[in-house]
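Chemist: kindly return the folded structure for what I paste below:
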Amino acid sequence: MGEQKVSLVKDETAMQQFVKKLLRDVQALEYMLENDWFEHDIARIGAEQEMCLVNAKTFKPAPIAMEALNEMKEYSWVETELAKFNLETNLTPRLFEGSCLRELEEENNKKLDKIREKLGALNAKLILTGILPTLRKYDLEMDNLTPKKRYYALMEAINSQLIGTAYELRLSGIDELLVKHDSPLLEACNTSFQVHLQVSPADFVCMYNIAQALAAPVMAIAANSPIVFGKRLWHESRIALFQQALDIRTTHDHMRERSPRVSFGTGWLDKSIMEIYKEDIARFRVLLSADVDEDSIRMVEEGLVPKLRALQVHNSTVYRWNRPCYGISESGKPHLRIENRVLPSGPTVADEVANAAFWLGAMVGMRKHCKDIRKQLSWEDVRDNFSKAAKFGIDSTFNWFKDKKVASCDLILQELLPIAREGLENQKVSPKDIDYYLGIIEERAQKHMNGARW
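Modeler: Here you go, the predicted model:
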């Protein structure tokens, strides 16, 4: 979940102090990597569940998150999101083995049922979908911004860098949509099921590049966001909507190819996770600050593991679709994760866990079959595949290995599902669970049907 205890950078002095902390965090991270401080040979998975709150009768957005949270004070695992009509739950990290997938589904269902029970008293329901079809532009006024310091600071920081008077959303699918809005709260349209995979530092470059290559076929089969403001647009409209909602660049910036804060990336990872963090610091102005008490350099010199809070805050305001994450395990050792932000919420928890199983299995399976995916695919093809998957979803045709073009369903059925199965088997995931969750993906591909194509 996003770092909550943050503030707006008020002046240049505060900016310089925070940037200094940020750079020291980068140095500390580099030191820990070079000196082998990180967990190895332990694979864990985790997830975050975002959801929409709707009126029980009309199914229109219900901006009651704060009232709902007041009824759920005992639930430490539920948290606010940007808009008052969204909530998020944090699911327990678990070892990537055995019954982990079934446990993930069961835990998610139990938590959602507890939320549903509380929402019932407020005449509301929860919906799992990438973009709520009943959302309208007037639902995205600042009155519906969740009243928390982080969100006020984030909105003010983004608005302060906007050149012009409005944010534009321009999308074409079956229908066309052109919306101008005075706040970046358009971002709140999106709800996701974010899946985390812990990887060892030695494997990070290889696994991150695999995640980039798999983003397109995984998104194609999982797409669940075809409608925005009543318009039929992209199969996974979240991709364009999120990027445009936070796009503060001028036309001149576009011409100079300045990167947007929401990005698929600029190229393959080469040698280290450090390339991503250093690029993000170089490319993106600090939006939020935080009171950072720890001196991360001094801590590593004393043999202590720092939280790298300044780096965490900055990383939370740069939105890569596959995002690197740093954390500290219960053992006290640091670890690295890849966060898959491509997957939409819904339509059901079983669907979400099936999407996760497909991605997780394919990640591990592809690692065995392809030591360096950069030799199999060009970056241009991977980026093009990602764009096509967002627009056309399950109808996409991808550029794949050996310069062949292949329909998404054929690629999934003939190549990626067997690789995902092998990957899950190698992790000793329950055979019954493998059959069940990958069976959901297989049936979608065979029937050419998902949340964006009925």
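Chemist: does D270 count as helix, strand or coil?
Modeler: coil (DSSP: H, G, I helix; E, B strand; the rest coil).
Chemist: ok, it to D372 distance?
Modeler: 11 Å (CB to CB, to the nearest Å). The way it works is simple: take the backbone N, C-alpha and C, and place the C-beta from them, glycine included.
Chemist: before we move on, what about T397?
Modeler: Applying CB to CB to T397 and D372 gives a distance of 25 Å.
Chemist: okay, now the unreliable bits of the chain?
Modeler: Within the chain, the stretches with pLDDT under 70 are 1-5, 7, 162-165, 246-259.
Chemist: and the residue nearest the centre of it?
Modeler: For the chain, the residue sitting closest to the mean C-alpha position, by CA atoms, centre = their mean, is R341 at 1.9 Å.
Chemist: who's in contact with that residue?
Modeler: S192, Q194, Y319, R320, W321, N322, R323 (CB atoms under 8 Å, 6 or more residues apart in numbering).
Chemist: burial measure for the fifth one, as a count.
Modeler: Using other CB atoms under 10 Å, the number of residues around W321 comes to 23.
Chemist: I'd guessed it sits against F264; true?
Modeler: Yes. Under the criterion of CB atoms under 8 Å, W321 makes contact with F264 at 5.3 Å.
Chemist: next, show the common contact partners of these two.
Modeler: In contact with both W321 and F264: A215, F386, using CB under 8 Å, 6+ apart.
Chemist: the stretch 151-300 of the chain: strands as residue ranges?
Modeler: Secondary structure of the stretch 151-300 of the chain (DSSP state E, counting those that start in this stretch): strands at 167-172, 176-181, 193-199, 227-228, 231-232, 262-263, 288-289.
Chemist: including distance to N123, could these go into CSV?
Modeler: Output for the strands of the stretch 151-300 of the chain, formatted as CSV (distance: least, CB to CB, whole Å):
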stretch, distance to N123
strand 167-172, 30
strand 176-181, 28
strand 193-199, 26
strand 227-228, 24
strand 231-232, 28
strand 262-263, 34
strand 288-289, 35
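Chemist: nearest to V54, of those?
Modeler: strand 227-228 (14.5 Å; CB to CB).
Chemist: direction included, what does the closest one pair against?
Modeler: strand 231-232 (antiparallel) (DSSP bridges).
Chemist: which residues sit against the partner strand?
Modeler: L171, G173, I174, D175, E176, L177, P226.
Chemist: most widely separated two among the residues you listed?
Modeler: Between any two of those (CB to CB), the greatest distance is 14.2 Å, for E176 and P226.
Chemist: and the helices in the stretch 301-450 of the chain?
Modeler: With DSSP state H, counting those that start in this stretch as the criterion, the stretch 301-450 of the chain has helices at 309-315, 349-369, 379-392, 408-411, 417-426, 431-447.
Chemist: select, out of the ones you listed, the one closest to E50.
Modeler: Taking CB to CB, helix 349-369 is the member of these nearest to E50, at 10.6 Å.
Chemist: just the CA coordinates for that closest one, please, in PDB.
Modeler: Extracted C-alpha coordinates of helix 349-369, given in PDB (Å, rounded to 0.1, in the frame of the first residue of the first chain):
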ATOM      1  CA  VAL A 349     -11.800 -13.600  -6.700                       C
ATOM      2  CA  ALA A 350     -11.300 -17.000  -8.500                       C
ATOM      3  CA  ASP A 351     -10.600 -15.100 -11.700                       C
ATOM      4  CA  GLU A 352      -8.100 -12.900 -10.000                       C
ATOM      5  CA  VAL A 353      -6.200 -15.800  -8.400                       C
ATOM      6  CA  ALA A 354      -6.300 -17.600 -11.800                       C
ATOM      7  CA  ASN A 355      -4.600 -14.500 -13.400                       C
ATOM      8  CA  ALA A 356      -2.100 -14.500 -10.600                       C
ATOM      9  CA  ALA A 357      -1.400 -18.200 -11.000                       C
ATOM     10  CA  PHE A 358      -0.900 -17.800 -14.700                       C
ATOM     11  CA  TRP A 359       1.600 -14.900 -14.200                       C
ATOM     12  CA  LEU A 360       3.400 -16.500 -11.300                       C
ATOM     13  CA  GLY A 361       3.800 -19.800 -13.000                       C
ATOM     14  CA  ALA A 362       4.800 -18.300 -16.300                       C
ATOM     15  CA  MET A 363       7.400 -16.100 -14.500                       C
ATOM     16  CA  VAL A 364       9.100 -19.100 -12.900                       C
ATOM     17  CA  GLY A 365       8.700 -21.400 -15.900                       C
ATOM     18  CA  MET A 366      10.000 -18.900 -18.400                       C
ATOM     19  CA  ARG A 367      13.100 -18.400 -16.200                       C
ATOM     20  CA  LYS A 368      14.000 -22.000 -16.800                       C
ATOM     21  CA  HIS A 369      13.300 -21.900 -20.600                       C
END
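Chemist: counting contacts, what elements does the longest strand seen in the chain pack onto?
Modeler: Ranked by residue count under DSSP state E, the longest strand found in the chain is strand 44-55. Counting contacts by 3 or more CB pairs under 8 Å, 6 or more residues apart in numbering; DSSP states H and E, strand 44-55 is packed against strand 86-90, strand 94-95, helix 100-120, strand 124-127, strand 193-199, strand 334-340, helix 349-369.
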